[in-house]
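>>> Here is my input, please return the structure:
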Amino acid sequence: MEINTLGNKHEIEDNENHINPLVSIIVITYNSAKFVLETLESAKAQTYQNIELIVTDDCSTDDTIEICKRWIEENNARFVKTELITIEKNTGIPANCNRGVKVAQGEWIKLIAGDDILDINCIISFMKFCLSEPKAMVVESISQFFLEEYSKENFTRRQNFSDKPFFHLKSIAKQQYEMLLRKNFIHAPSTFLKMQLINDVGGYDESNRYMEDHPLWLKITQQGNKIFFLKQVTVFYRIHNSSVFASFSKKKLFNDFYLKRRSLDLKYIYPNISLFERTLKHIEYYRIKLIDKIGFNRNQFFFKLLNYIAYRLSPYNIYIKLKLKKLEKQINLNDKT
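Below is the predicted model of the structure:
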C-alpha cells in the first residue's frame, strides 16, 4: 500500500540534549476538516519549542488533507520538522498511529486526534514531569471534556484519575497490569510516551482497526513499565456527533465497540486470567450479545432498568469488582510499608 508524505525539515541545533529533547506531536486525522485547524493551532501555540509536527491521515473523504497541507506550508517554520502522511485506503486507527510513530524522530511522542486540542503548556508540563521522574516512560494526565465547542458553556466534565489506586505512588507495573486485565484505566488522548518504549513493545496492534490503546497499555505494563500520572490538565477532549465513537448509535445501551473488541479480549485478556474468570467473562459477553440480538439494547428507561438489575446480579461484574478491590488493597498495603 502506497504511503505519501509531504515533509519540510529544518536543521536541528547541535546542542539538543536530554534537557531539551525533540518531541513529536502526531495529529491523527480522518474526516477532521471541521476541527483540525484548532488542533494544529494548539500544537503551534506550545510554550515548549523543540517540536516536530506530523499529521497522519487515514484516507479522509473531506477537505482534511488540503486544509492540513495549506496550514503546514504556512506554519512549518514554527517546527523543527513537519510532515503530512496520506494513504490511499482507510486502514483504521492503530495503523494510522503506527504510520505517525514510524516517521517520528522525537525522543518523546504526543498523539492527538484531529478534533481535540492541547493545552498551551501540555508538552512543557510533561517534559518537566519526566525530568523529575526519570523512570517515567509513559504518563497519563488530566483531561477536560467539551460538547462540540471548547467554551465554558459546553464544558461537561474534568477527568482526573490521580486519586485512583492504579496511579498510586507505590503501585508497580505488575499491579497495574493485573488491573488493566479487568478494566482500562487510561484515557489515551491525555497520555505522553517515550518513543523507545513504543518501539520496544512493537507499536500499536493493527489487528482491530478501532482500538489502539488498551492493548498498548497491557503490553507496556506486562513488560514492567509503570504508568505515571501528571496532576495537570494537558488536553481538551471534544465530544461530537461526527466522531468515530459517535458513529455507533446513541440509542443503544451498549455501543458496538463492546462487541467489536472481542478479538482483542481473546488475544490479550483471556490467556492471562484464570479459567474461572474466563468462563464468567464468556457468560457476560454472551449476555450483552443476547440483549443486543433480541432488541433490548435500547437507551430507554425500561431497558435501562432491566440492564441495571442484570448488571448488578452479573457474576462477572461482581467478581471483577471484588478482584479490583483486592488489587487496590495490595497497593494500599504497599503504602504502609
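>>> The stretch 51-200 of the chain: strands as residue ranges?
Across the stretch 51-200 of the chain, reading from the start of the chain, the strands by DSSP state E, counting those that start in this stretch fall at 51-57, 81-87, 108-113, 117-118, 138-147, 155-159, 191-194.
>>> which one of those strands is the most hemmed in?
Highest mean neighbour count of these: strand 51-57, a mean of 26 (counted as mean count of other CB atoms under 10 Å). All C-beta spots, glycine's among them, are computed from the backbone N, C-alpha and C.
>>> what pLDDT, on average, does that strand get?
Averaged across strand 51-57, the pLDDT comes to 98.
>>> Outline the domain layout of this protein.
When the chain is parsed with automatic domain parsing, its domains come out as 3-246, 249-336.
>>> which secondary element of this protein has the worst mean pLDDT?
strand 3-9 (a mean of 49; mean pLDDT, DSSP states H and E).
>>> Low-confidence ranges, the stretch 1-150 of the chain, go.
For the stretch 1-150 of the chain, the stretches flagged by pLDDT under 70 are 1-19.
>>> can you give me the helices for it?
Per DSSP state H, counting those that start in this stretch, the stretch 1-150 of the chain carries helices over the ranges 36-44, 64-75, 93-103, 122-132.
>>> Now tabulate those helices in JSON lines and tack on mean neighbour count.
Compiled in JSON lines, those are given as follows (neighbours: other CB atoms under 10 Å):
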{"stretch": "helix 36-44", "mean neighbour count": "20"}
{"stretch": "helix 64-75", "mean neighbour count": "18"}
{"stretch": "helix 93-103", "mean neighbour count": "21"}
{"stretch": "helix 122-132", "mean neighbour count": "19"}
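>>> Quick check: the closest residue to Glu38 other than its chain neighbours vs Ser60, distance?
Computed as CB to CB, 6 or more residues apart in numbering, the closest residue to Glu38 that is not its neighbour in sequence is Ile117, at 5.3 Å. In this structure, Ile117 and Ser60 are separated by 19 Å, where distance is defined by CB to CB, to the nearest Å.
>>> Can you say which of the domains of the chain is packed in most?
When you average the neighbours per residue for each of the domains of the chain (mean count of other CB under 10 Å), domain 3-246 leads with a mean of 18.
>>> nearest to Thr191, of the helices of the stretch 1-150 of the chain?
If you check each of these against Thr191 by CB to CB, helix 122-132 wins as the nearest, at 9.2 Å.
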